[in-house]
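[1] Next comes the sequence, and after it the predicted model I'd like to discuss.
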Amino acid sequence: MSKTNEIAPSYHAHIYFDSDSRDRAWALKERVGDTFPEAEVGRFHEKNVGPHPRWSCQVGFPLAMFAAIVPWLMLNRDGLTIFLHPETGDTLAEHEQFPLWMGEILPLKLDQYRK
């Protein structure tokens, strides 16, 4: 995907949490599912998965939902960090060049995506 005039067709928001914020993350996950039933709410990982430096739950959604779900997450994240990235087909760029952070910016484990 070019970085010029293209727009990604879909996005992933990763809700980060730890043992102290687990209940808030679970509640947010439930609220996302109730508020946006067309979003794909993924598994609730109580371990680090992939490049993510904290436990997380993924929410997938198409571009058509971006204008509704992203502002909602900004206002309803309950102090949790959310990492948002487009789905472009270039995993390294998605996580390194194109992310949007809500809350704390955390270092990702991206070596697995480097060639």
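    Arrived safely, thanks for sending. Bear in mind the structure is a predicted one, so any value in this text is a computation, not a measurement.

[2] All the helices of this protein, residue numbers only.
    Remark: helices assigned in the chain by DSSP state H are 22-35, 66-76, 91-96.

[3] Output those helices as TSV; include the columns mean pLDDT, mean neighbour count and distance to Gly50.
    For glycine as for every other residue, the C-beta is placed from the backbone atoms N, C-alpha and C. TSV is the format used below for the helices of the chain (pLDDT from 0 to 100; neighbours: other C-beta atoms under 10 Å; distance: least, C-beta to C-beta, whole Å):
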stretch	mean pLDDT	mean neighbour count	distance to Gly50
helix 22-35	98	15	17
helix 66-76	98	14	20
helix 91-96	91	17	9
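
[4] And these: which comes nearest Pro51?
    Pro51 lies closest to helix 91-96 among those, at 5.8 Å (C-beta to C-beta).

[5] Hmm, Gln58 is touching Tyr11, no?
    No. Counting by C-beta atoms under 8 Å, Gln58 sits too far from Tyr11 to count as a contact (10.4 Å).

[6] How about the contacts made by the most centrally placed residue in the chain?
    Nearest to the mean C-alpha position of the chain, counting by C-alpha atoms, centre = their mean, stands Ala13 at 1.8 Å. Ala13 makes contacts with Gln58, Val59, Phe61, Ile69, Val70, Leu73, Ile82, Phe83, Leu84, as judged by C-beta atoms under 8 Å, 6 or more residues apart in numbering.

[7] repeat for Ile105
    Contacts for Ile105 (C-beta under 8 Å, 6+ apart) come out as none.

[8] what residues are shared contacts of Gln58 and Tyr11?
    Residues touching both Gln58 and Tyr11 (C-beta under 8 Å, 6+ apart): none.

[9] Neighbour count: those two, which is higher?
    Set Gln58 next to Tyr11 and count neighbours by other C-beta atoms under 10 Å: Tyr11 wins out with 23 against 19.

[10] separation between the more buried one and Lys115?
    Noted for Tyr11: a distance of 24 Å to Lys115, by C-beta to C-beta, to the nearest Å.

[11] now for the helix or strand bottoming out on mean pLDDT in the chain, which elements pack on it?
    Across the helices and strands of the chain, mean pLDDT, DSSP states H and E gives its lowest value to helix 91-96, namely a mean of 91. In terms of contacts (3 or more C-beta pairs under 8 Å, 6 or more residues apart in numbering; DSSP states H and E), helix 91-96 is packed against strand 82-87.
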